[in-house]
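K.L.:
got a predicted structure here, sequence first:
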Amino acid sequence: MASRRRVSWDSANRKHILLDHAERGISEEQVTYAVENALDENVAPDALHRTTVAPCRIGRRVLAVAWVTRRGGWCYPVHAHWAGRRERRTLT
């Protein structure tokens, strides 16, 4: 089941995810969808980077997004990429 998460965007994370890595072809809407709809059983904390990481299926592809949870429970995306074969196998 997916928890309803709220996504926080600002100029810094938009620039990093959408412009600095434009070659990935990832949109703000796709990242927002992935954060909001990632299944709870696929969401994993990454203690090393102090982020939360989750893959989410978007059409036939899987988008992996990392975010920092901010005050009030807002999710601030810091990284996104299309998942490789190994990552896709972890989806339930």
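P.N.:
That came through, no problem.

K.L.:
would you state the strands of the chain in chain order?
P.N.:
Under the criterion DSSP state E, the chain contains strands at 6-7, 44-46, 51-58, 61-69, 74-82.

K.L.:
spatially central residue in this protein, please.
P.N.:
Centroid-nearest residue in the chain: V65, 2.1 Å away (criterion: Cα atoms, centre = their mean).

K.L.:
in this structure V68 contacts R50, no?
P.N.:
Yes. Assessed by Cβ atoms under 8 Å, V68 is found in contact with R50 at 6.8 Å. For the C-beta atoms, the positions are set from N, CA and C on the backbone; glycine is no exception.

K.L.:
more neighbours: these two, which one.
P.N.:
V68 (16 against 10; other Cβ atoms under 10 Å).

K.L.:
okay, the more buried one: pLDDT?
P.N.:
V68 carries a pLDDT score of 94 in this model.

K.L.:
please apply the same query to S8.
P.N.:
For S8, the model assigns a pLDDT of 95.

K.L.:
buried residues in the longest helix seen in the chain?
P.N.:
Counting by DSSP state H, the longest helix found in the chain is helix 28-37. For helix 28-37, the neighbour count (16 or more other Cβ atoms under 10 Å) marks 30-35 as buried.

K.L.:
ditto for stretch 12-28
P.N.:
Quick answer for stretch 12-28 (16+ other Cβ under 10 Å): 13, 17-18, 26.

K.L.:
who touches both of V68 and R50?
P.N.:
By Cβ atoms under 8 Å, 6 or more residues apart in numbering, V68 and R50 have no common neighbours.

K.L.:
among the strands of the chain, which comes closest to R88?
P.N.:
strand 61-69 (4.9 Å; Cβ to Cβ).

K.L.:
what angle separates the closest one from strand 51-58?
P.N.:
Interaxial angle of strand 61-69 relative to strand 51-58 (axes from the mean of the first three to the mean of the last three Cα atoms, to 10 degrees): 150 degrees.
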